[in-house]
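Asks: only geometry, no sequence info:
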């Protein structure tokens, strides 16, 4: 997965929202106190935003992966896939926001196969791939999917390396943001496999 494909912000030729409004449901909007998984009060599903010209800054800055990433095929159109793919945590996490009315959409093919490939590619740099369904998070690792559950505002999802049966293995977990083991670590990452800091 090329880094350039993950940071493009201009819509790709031939890509447009059209009647897709799924981001207005699955994404949270801090300025409006709108939680993930509920329709925005200003959205007309299948049509668009009633206050588009005055929409909040987070909506203005939002870039759906389907519109901007070459790595996402046409099947990733959110209205079709029931998922909105974004890059967050300063580029260290691919987040797949799933429509809560279709919570297993991410497990269908070809989606699951592609998500697992992203996890394998991301593991080399301890980058996260997370499926988000409302407030629930599932971390996708190369060899397993870890249901983290609900993460509160003072918790972080982190990846760490542990030695298991003589081999390095990735682990995902929730930790409090003020946990001293996170001091000095990059966002969302935990190092020091030799000393097994996850215990």
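Replies: That came through fine. No experiment lies behind these values; they were computed from the predicted model shown.
Asks: Grab the longest helix from this structure for me.
Replies: In the chain, taking DSSP state H as the definition, the longest helix is helix 111-123.
Asks: how about that one: buried residues?
Replies: Neighbour counts over helix 111-123 (16 or more other CB atoms under 10 Å) mark 111-112, 114-116, 118-119, 121-123 as buried. For every residue, glycine as well, the C-beta is placed using N, CA and C.
Asks: And those residues, which is the shakiest by pLDDT?
Replies: For these, the weakest pLDDT value sits at residue 123, with 88.
Asks: With adjacent residues omitted, what lies nearest to it?
Replies: Leaving aside its chain neighbours, residue 123 sits nearest to residue 142 (5.2 Å; criterion: CB to CB, 6 or more residues apart in numbering).
Asks: Give me the phi and psi for the one you found.
Replies: Per-residue torsions, residue 142: phi -60, psi -40 (degrees, to the nearest 10).
Asks: That one is in contact with residue 120, isn't it?
Replies: Yes - using CB atoms under 8 Å, residue 142 is in contact with residue 120, at 4.6 Å.
Asks: in the protein, which segments are predicted with low confidence?
Replies: 1-9, 89, 190-199 (pLDDT under 70).
Asks: Enumerate every residue touching the residue nearest to the spatial centre of the chain.
Replies: For the chain, the residue nearest the mean C-alpha position is residue 95 (0.7 Å; CA atoms, centre = their mean). Contacts were defined as CB atoms under 8 Å, 6 or more residues apart in numbering; by that measure residue 95 touches 85-88, 130, 132.
Asks: and it, what element?
Replies: strand 93-98 (DSSP states H and E).
Asks: partners of that strand in the sheet?
Replies: According to DSSP bridges, strand 93-98 forms sheet pairs with strand 83-88 (antiparallel), strand 128-133 (parallel).
Asks: Identify, out of those, the most deeply packed stretch.
Replies: Among the strands paired with strand 93-98, ranked by average contacts under mean count of other CB atoms under 10 Å, first place goes to strand 128-133 (a mean of 24).
Asks: Helix, strand, or coil at residue 102?
Replies: When classified by DSSP: H, G, I helix; E, B strand; the rest coil, residue 102 comes out as coil.
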